[in-house]
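>>> Provide a 3D model corresponding to the input given below.
(chains A and B, ligands or ions: 4)
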Amino acid sequence: MVPKNIAAIKFEVLSPQEIRRMSVAKITNPETYDDDGFPIDGGLMDLRLGVIDPGLRCRTCGGKTGECPGHFGHIELAAPVIHVGYAKLIARLLNGTCRKCKRILLKNERKEKFIEEIEKRIKMNQSYDDIVKEVFRLTKATKKCPHCGEEQVEIKFEKPTFYYEGEHKLTPKDVRERLEKIPDEDLLAFGLDPKSVRPEWFVLTVLPVPPVTTRPSIILETGQRSEDDLTHKLVDIIRINQRFLENREAGAPQQILEDLWELLQYHVTTYFDNEVSGIPPAKHRSGRPLKTLAQRLKGKEGRFRKSLSGKRVNFSARTVVSPDPCLSINEVGVPVEIAQELTVPIYVTPKNIEMAREFILRREHPSANYVVRPDGKRLKVIDSNRKELAEMIEPGWIVERHLMDGDVVLFNRQPSLHRMSIMAHYVKVLPYKTFRLNPAVCPPYNADFDGDEMNLHIPQSLEAQAEAKILMAVQEHILSPRFGGPIVGGIHDHISGLYLLTHGNKVFSKEEVLQFIRATDVKDVPLKDAYTGKEVFSFILPDITLEFKAEICQGCEKCKKENCEYDAYVIIEKGKLLCGTIDEKAVGAFKGLIIDEIARKYGNSEARRFIDNMTKLAIRVITGLGFTIGIDDVDIPKEAEEQIEDVIKKAERKVDELIRAYKDGNLEPMPGRSLEETLEMSIMRELGKARDQAGKIASRYLGDENSAVIMAVSGARGSMLNVTQMVACIGQQSVRGERIMRGYTYSKRSLPHFKPGDLGPKARGFVRNSYRKGLSPIEFFFHAAGGREGLVDTAVRTSQSGYLQRRMINALQDLKVEYDGTVREQTSGIIVQYKYGEDGVDPMKSYRGKAVDVKRLLREIVGGAQQ
Amino acid sequence: MKVRLQDHILVPKHEILSKDKAEELLKLLGITREQLPKIKTSDPIVKEIGAKPGDIVKITRKSLTAGESLFYRLVVD
Ligand SMILES: [Mg+2]
Ligand SMILES: [Zn+2]
Ligand SMILES: [Zn+2]
Ligand SMILES: [Zn+2]
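Ligands and ions are numbered 1, 2, ... in the order given. Below you'll find the predicted structure:
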């Protein structure tokens, strides 16, 4: 077939003539197959409608199953019936036109005005629904025909397909006759184009019968034929239609004919939509409602959302993910079981035919599952035919071999919110049943290992494999286009580990150091008896020169730089860590300045190599030295507890004073605040201060060696607030940023334990205990109230941001940055920006959003020369 | 007193592109006039500079990232 360009698509309503014209067979017989299982002529499986049974040929086009696309037939309805889809519009049209002269219930000038407005909107490509709505509203309100003067009677529409004029019921025939007489000129005002639609077509006299290929019957295991729901419904329609004809011919009483007519209407209505309100849905013998036309399209399981928006693919796998710091960030561990199911095609050539043969002959893991002949026929490789197939293959064949170490695959975690959600990894086939990944790539995927599952896709063509390697490999995404910094980098134990290694002047023995670096690819190490941690870290550093404040920097007023007492000022010179502690700021995902520098100076491969070494080193250090927290890590001495108690008591007393001042009318309101707001804010501030002080006291007694503190200050995990809450005081619980005041609103108290109107800290959700000490029942209740808000927030936020994201993607998907730097819409070529982002900077190649990193440039040019 | 919109700090500089310059721009971008972003004749700034339908207006904006950024719009009814 010659591909043609589609210039436009126009939707129209099928006229009876059109339905007959496109029909290849008039269907009159409710039977489908004869006793021999052969399709009956004039039945719903008529061979002219297409074929589904193998071996038979279509009588219209001569095609076999799979070749013949299927052809429409038609049923001549014995009496007209309303099309449910247009029922509402019919009601509006009946109410909008005169019952006698069938003209629109508008004066000619008004009508012309409306038509003019509609045409203007069409020309501008805008929606004109609101105008049509106004026309329907106006015409319905008109009680006297402006053309013939006839008094109008309102037509009552009763769902789904009934119309009453006063007490008198209109038959579909009456309705059709009225619609027929509406003149073409008036239709335009109702938003209908008479060139493509006539309103009487909304009342069916002929029903199209869809091709059998759209409603194939299935053969059950019992050998019985089971028809599609649509076929069942069409059988009902034909049956009633024939009965109606026979009865009318026989001169049956009017009542019987009317009942049959209504039944026909019921069947046609449910054929279109089996979920319309007002009538019971048509059911199967088993009681299951039938899935008719509308049900095929509608909803989550419908054609749009299930089959068109949601596509399923082959060559993919999904399982739980777990960590493996020994893998490179570029790798992914794939379970053998999965590797044996997924295949990569080998396009057989004279050069690789021997290798292809070997795969076919192998009985275990890197073996072959299928071979494909040049004519496309697929042959399954089984033990009995291995030898035979290995002999048979020739250049031009395809051998589908198992997934092996070194194959490129695409790895994905939903929700795929940015491009780093799908990246290319190199396969490493491993035992067990989970996908394994280096924890340093958790941030781009936003993955953790609490049961997360991820998907794997195998690019099949060589082009796809090359594209994946060049464009999608993890190392190409170390720097994120989101903020122009590394998104792949150390997390959790990587940071704690390097902190332990590099903080202060720790010295490690030769043996220890060997253990630390043996997993890395560091080769030349100067021979010494002992090494400092900083020396060990320098082994994995390439030649870079950097200076920055570490995450643990206390923000002293005047930075003492290399003499910092916290060892928080990092100086790296020519790949040697001279002073400072390596923490989140140096190697962490999002922050990692070292990763940043290496990626910019030496490129992505070197950055990958550094991250691989860094994670391996850090994990070995932390396992070697040991790092843990237990309940005694959050214990503080008695004196500290007393001090904290003191601080909180003082704060409570202050709050009492504030409340007394408020009650006595002595409280001075803050500018722009009411008295109550002032009181609340003062109380919140007082209690917040108390908690901070308690935290200070606690951390003083915990010291810098405490594991929780180390994690918090180095940026590995958690914050000092978390530590404070564990050790000293949990603090004020809040809902919507206010102290908790909900529940017994009429008596102005949060729980019946308190006096009405109690404003004290206890009554409004202040938790004075720590997690270590445990919460009192009342505190526990408030804590649950505050905690729930967080859960609700995240649930609501994700759904809202998901919707926003989808709308944004839809709006932006056709925009592309061209080689000349302009941003253009791809179908019309319309220019959106003359220079991408006004400055033409690729954010991924920017330095944290800035076009140039002046400091770095200066260092490169001037600083380098000085030293 | 007549207020000039252009004097307001939030209104970027608008000017009509000469015939030659306009042709040059279209040739540089390789597009037709219709593919340019539009601005209506009813737009106050268009009235102020007296641009007619078919003219191309050059807009010079202050930009936080690029210092100055150029934009062009086709004047339409
Ligand atoms: Mg998770
Ligand atoms: Zn056919
Ligand atoms: Zn009339
Ligand atoms: Zn310092």
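
>>> could you point out where the chain is predicted with low confidence?
Going with chain A. Scanning chain A for pLDDT under 70 picks out A:1-3, A:863-867.

>>> meant chain B actually
Under the criterion of pLDDT under 70, the regions of chain B flagged as low confidence span B:1.

>>> Centre-most residue in it?
Centrality entry for chain B: nearest residue to the mean C-alpha point is B:Val57, 2.4 Å, by CA atoms, centre = their mean.

>>> That one is in what secondary structure piece?
strand B:56-63 (DSSP states H and E).

>>> what's near enough to touch residue 46?
Just going to use chain A. With CB atoms under 8 Å, 6 or more residues apart in numbering or on different chains as the criterion, the residues that contact A:Asp46 are A:25, A:27, A:39-40, A:59, A:73, A:212. (Each C-beta comes from the backbone N, C-alpha and C, glycine too.)

>>> Sorry, I should have been clearer: chain B.
With contact taken as CB under 8 Å, 6+ apart, B:Val46 is in contact with B:14, B:39-40, B:57, B:75.

>>> follow-up on the earlier one: quick one: is the strand holding B:Val57 near chain A?
Yes. Using CB under 8 Å from any CB of the partner chain, a contact is recorded between strand B:56-63 and chain A, made by B:61, B:63.

>>> And for that strand, what's in contact with it?
Taking CB under 8 Å, 6+ apart as the rule, strand B:56-63 contacts A:838-839, B:12-17, B:21-22, B:25, B:33, B:36, B:39, B:46, B:49, B:51, B:68-75.

>>> Out of the residues you listed, which end up buried?
By neighbour count, with 16 or more other CB atoms under 10 Å in any protein chain shown, the contacts of strand B:56-63 hold A:838-839, B:12, B:14, B:16-17, B:22, B:25, B:36, B:39, B:46, B:49, B:51, B:69, B:71-75 as buried.

>>> follow-up on the earlier one: so which of the contacts of strand B:56-63 belong to strands?
Residues from the contacts of strand B:56-63 lying in strands, with DSSP state E as the criterion: B:13-16, B:39, B:68-75.

>>> for those residues, which one is nearest A:Phe782?
For those, the closest approach to A:Phe782 (CB to CB) belongs to B:Ser69, at 52.8 Å.

>>> ok so, going back, out of the contacts of B:Val46, give me the two with the largest separation.
The widest separation within those (CB to CB) is 13.1 Å, between B:His14 and B:Lys40.

>>> And stretch A:538-554, how far out from the chain middle?
38 Å (CA atoms, centre = their mean, to the nearest Å).

>>> circling back: can you pick the most crowded of the contacts of A:Asp46?
Taking other CB atoms under 10 Å in any protein chain shown as the neighbour criterion, A:Val212 ranks highest of the contacts of A:Asp46 with 28 neighbours.

>>> Surely it is in contact with A:Gly70?
Yes. Using CB atoms under 8 Å as the test, A:Val212 is close enough to A:Gly70 to be in contact (6.1 Å).

>>> what residues are shared contacts of the two?
With contacts taken as CB under 8 Å, 6+ apart, the residues that reach both A:Val212 and A:Gly70 are A:49-50.

>>> Can you list the residue ranges for strands in the stretch 601-750 of chain A?
Remark: strands of the stretch 601-750 of chain A, listed N- to C-terminal, are A:731-732, A:734-735, A:738-739; assignment by DSSP state E, counting those that start in this stretch.

>>> Deepest-packed of the ones you listed, please.
With neighbours defined by mean count of other CB atoms under 10 Å in any protein chain shown, none of the strands of the stretch 601-750 of chain A is more surrounded on average than strand A:731-732, at a mean of 23.

>>> ok, residues contacting that one?
Strand A:731-732 has contacts (CB under 8 Å, 6+ apart) with A:684, A:687-688, A:691, A:724-725, A:739, A:761, A:765-767.

>>> Select only the buried ones of those in PyMOL?
Written as a PyMOL command, the selection of buried residues from the contacts of strand A:731-732, which uses 16+ other CB under 10 Å, is:
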select buried, chain A and resi 684+687+691+724+725+739+761+765+766+767
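
>>> how about the residues of chain B near chain A?
Counting by CB under 8 Å from any CB, the residues of chain B near chain A are B:29, B:31, B:35-37, B:61, B:63, B:65-66, B:69-72.

>>> change it to 6 Å
Contacts of chain B with chain A, taken as CB under 6 Å from any CB of the partner chain, map to B:35, B:63, B:65-66, B:69-70.

>>> what two of the residues you listed are the furthest from one another?
In these, the most distant members under the criterion CB to CB are B:Gln35 and B:Thr65, with 25.0 Å between them.

>>> what about stretch A:135-144, distance to the chain center?
46 Å.

>>> In chain B, which residue sits nearest ligand 4?
At 32.1 Å from ligand 4, B:Leu64 is the closest residue in chain B, using CB to the ion.

>>> what does the stretch 351-500 of chain A give?
Counting by CB to the ion, the stretch 351-500 of chain A gets nearest ligand 4 through A:Tyr499, at 15.7 Å.
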